[in-house]
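> Could you work out the structure for the sequence below:
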Amino acid sequence: MAKSMRVLLFSIEFPPIIGGGGSHVYCLAKALSKLGLDVIVLTAGEKNCRERIDKINVIRKRSYLDLYYGKVSYFKPVDDFLFVYRKFQPDIVHAFHSDPALISLIVKNSLKFPLVFTPLKTPERPGQQRKLYSK
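Predicted structure coming up:
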């Protein structure tokens, strides 16, 4: 039997967090899973945990929530990504939002994995304004 493609979806938002980005990632994960792909979602959470939602493997990491709120630098979130990447060994990584994209890009060249980025929303952190374009 052929090995199914392994896909890592990396997003700050995922249910039960309510938002368009999280809903998009959830629907994509569910559809890819129905097609027979091995899907894992790496996302933010109040605590580090693994769970299964509608046959989708979900890994939640506190460091991504802390990064979003400006409580940590990128070191811990990058380390968490590397741990999950090495354990799961995906064939492709699909990053959503700006922080997951940046974390994926930091390690992409050394690990040589295909990366897809979907810029769903660039959230503003408390006390910080972000601009996608500047003159």
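> Ile12 and Leu115, how far apart?
The spacing between Ile12 and Leu115, counted by C-beta to C-beta, to the nearest Å, is 16 Å. Every C-beta, even on glycine, is put in place using the N, C-alpha and C of the backbone.
> part of a strand, is Cys50?
One correction, residue 50 is Arg, not Cys. Yes. Read with DSSP: H, G, I helix; E, B strand; the rest coil, Arg50 is one of the residues of a strand.
> thought it was touching Asn57?
Yes. Taking contacts as C-beta atoms under 8 Å, Arg50 lies within contact range of Asn57: 7.1 Å.
> of the two, who's got more company?
A direct count of neighbours by other C-beta atoms under 10 Å for Arg50 and Asn57 places Asn57 higher, at 16 against 9.
> Can I take it that the more buried one is in a helix?
No. Checked against three-state DSSP, Asn57 lies outside a helix; its state is strand.
> contacting residues for it?
Val39, Ile40, Val41, Arg50 (C-beta atoms under 8 Å, 6 or more residues apart in numbering).
> What is the nearest of those residues to Asn109?
Ile40 (22.0 Å; C-beta to C-beta).
> so who does that closest one touch?
So, once contact is read as C-beta under 8 Å, 6+ apart, Ile40 ends up touching Arg6, Val7, Leu8, Leu9, Ile56, Asn57, Val58, Ile59, Val84, Phe88, Pro90.
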